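Chemist: Could you work out the structure for the sequence below:
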Amino acid sequence: MEYKSQFLATRRRFLRNLGMTAGLSAVPMSWASSVFAQEELVVEGPPMPDIPATEVAENVYCIVSPWGFPSVENQGMMSNVTFVITEKGVVIIDSGASLQIGRMALRQIRKFTDKPIAAVFNTHYHGDHWLGNHAFVQENPDVPIYAHAKTTSAILSNQGDFWKSLMERSTDNAIAGTVVTPPNEIVGHGDEIDFGDTTVRVHFYGTAHTPSDISLELVEKRIVHVGDIAMNNRIAFMDDGSFLGTFKAFDALEKSVPEAFWIPAHGFPAYDLIEHNRRLFEGIYESAERAVNEMASPGVVKDYVLEDERVRYYAPFVNGFDENIGKYASLAFLEAEAAAF
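Modeler: Next up, the predicted model:
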């Protein structure tokens, strides 16, 4: 596959350069031996402290990240790592923000099972959801890493290096040693991957949080991992996304999997996760629509948003609300303005 070839070539170039820097002769290496033979030469950041996994359903576990943006204190741990123990092995949904976080997740997995890592899924291209891929490739060099084509393309072009650099700067190099490890298998809407007693069905409904968000349904359990399309007590980052696209995704998911249990990549899983996210987002977007319809100045959009009773309800307990609501109001206004023409 083209993406996998690019991935392997990138890793081989990295490891050849590493060998030359260390004064070693560059020798051809296989996919597996290249990972294990030379990565030990890389200076690594400190281990990530353990965060115990929470069992959210039978054989479904979530390592719930504390609230926060990447920092020295949290070592980049800002996104949940979810794993499912299946007949064919362990399935990872979003691998964390570093090699160290991925290894921490592996330690938690081994408290429950010694089954091999069967697959990794990356819900989108923001680095807190996939930089941990490196740890799972070390554990199983042949592991398939699934993502939407746009996610893989973004990581291979600019998002890979961007997010690695961002995490390094934000954590004072706590993620040192992490190698950009892109997905190597492409999935799209309706695809199903069989893990014996567990079927993972892919949902993709266009731009929501990003242009490439996939939600992953555990078919037999009526559980859906929604990535960052919906979050628990946090406003989803919308700089790459769309309010209207998010509403479309909510509608489609609720229709496709009625009465599902929703797992977010930030915060705790809940049956009413989408309901609460919808109310908050509608409060923001419909207030921005009102400003557009009244031809109000963009400068007053935030006031309109803060007046909305739905927004006022969620403001006290949504993490990051005060720091980010102005930006979200502006993004909603721009989208509502574009939709009006």
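
Chemist: And the strands in the stretch 1-150 of the chain?
Modeler: In chain order, the stretch 1-150 of the chain shows strands spanning 54-57, 60-63, 81-86, 89-93, 117-121, 145-147, with DSSP state E, counting those that start in this stretch as the criterion.

Chemist: oh sorry, the question was meant for the stretch 151-300 of the chain
Modeler: Residue ranges of the strands in the stretch 151-300 of the chain, as given by DSSP E, counting those that start in this stretch, are 185-186, 192-194, 199-203, 215-218, 223-227, 261-264.

Chemist: avg pLDDT for the first one?
Modeler: When the per-residue pLDDT values of strand 185-186 are averaged, the result is 98.

Chemist: follow-up on the earlier one: mind putting the strands of the stretch 1-150 of the chain into JSON lines with mean pLDDT?
Modeler: Output for the strands of the stretch 1-150 of the chain, formatted as JSON lines (pLDDT from 0 to 100):
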{"stretch": "strand 54-57", "mean pLDDT": "97"}
{"stretch": "strand 60-63", "mean pLDDT": "98"}
{"stretch": "strand 81-86", "mean pLDDT": "98"}
{"stretch": "strand 89-93", "mean pLDDT": "98"}
{"stretch": "strand 117-121", "mean pLDDT": "98"}
{"stretch": "strand 145-147", "mean pLDDT": "98"}
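
Chemist: re the thing from before, closest to Val43 out of the strands of the stretch 151-300 of the chain?
Modeler: For these, distance to Val43 was read as C-beta to C-beta. The smallest value, 30.7 Å, belongs to strand 185-186. C-beta here means a position set from N, CA and C on the backbone, and glycine is covered the same way.

Chemist: any idea how the chain splits into domains?
Modeler: Domain assignment of the chain by automatic domain parsing yields the ranges 43-271, 277-339.

Chemist: most tightly surrounded among those domains?
Modeler: Highest mean neighbour count among those (mean count of other C-beta atoms under 10 Å): domain 43-271, with a mean of 20.

Chemist: Tabulate the CA atom coordinates of stretch 271-289 in CSV.
Modeler: As requested, C-alpha coordinates have been extracted for stretch 271-289 and formatted as CSV (Å, rounded to 0.1, in the frame of the first residue of the first chain):
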residue,chain,number,x,y,z
TYR,A,271,-25.1,7.8,27.5
ASP,A,272,-26.0,11.5,27.3
LEU,A,273,-22.7,12.7,26.0
ILE,A,274,-24.0,13.8,22.5
GLU,A,275,-27.1,15.3,24.0
HIS,A,276,-25.0,17.7,26.2
ASN,A,277,-22.5,18.5,23.5
ARG,A,278,-25.4,19.3,21.1
ARG,A,279,-27.1,21.7,23.5
LEU,A,280,-23.9,23.6,24.2
PHE,A,281,-22.9,23.8,20.5
GLU,A,282,-26.4,24.8,19.4
GLY,A,283,-26.3,27.6,22.0
ILE,A,284,-23.0,28.9,20.6
TYR,A,285,-23.9,28.5,16.9
GLU,A,286,-27.5,29.7,17.0
SER,A,287,-26.3,32.8,18.9
ALA,A,288,-23.8,33.5,16.2
GLU,A,289,-26.6,32.9,13.6
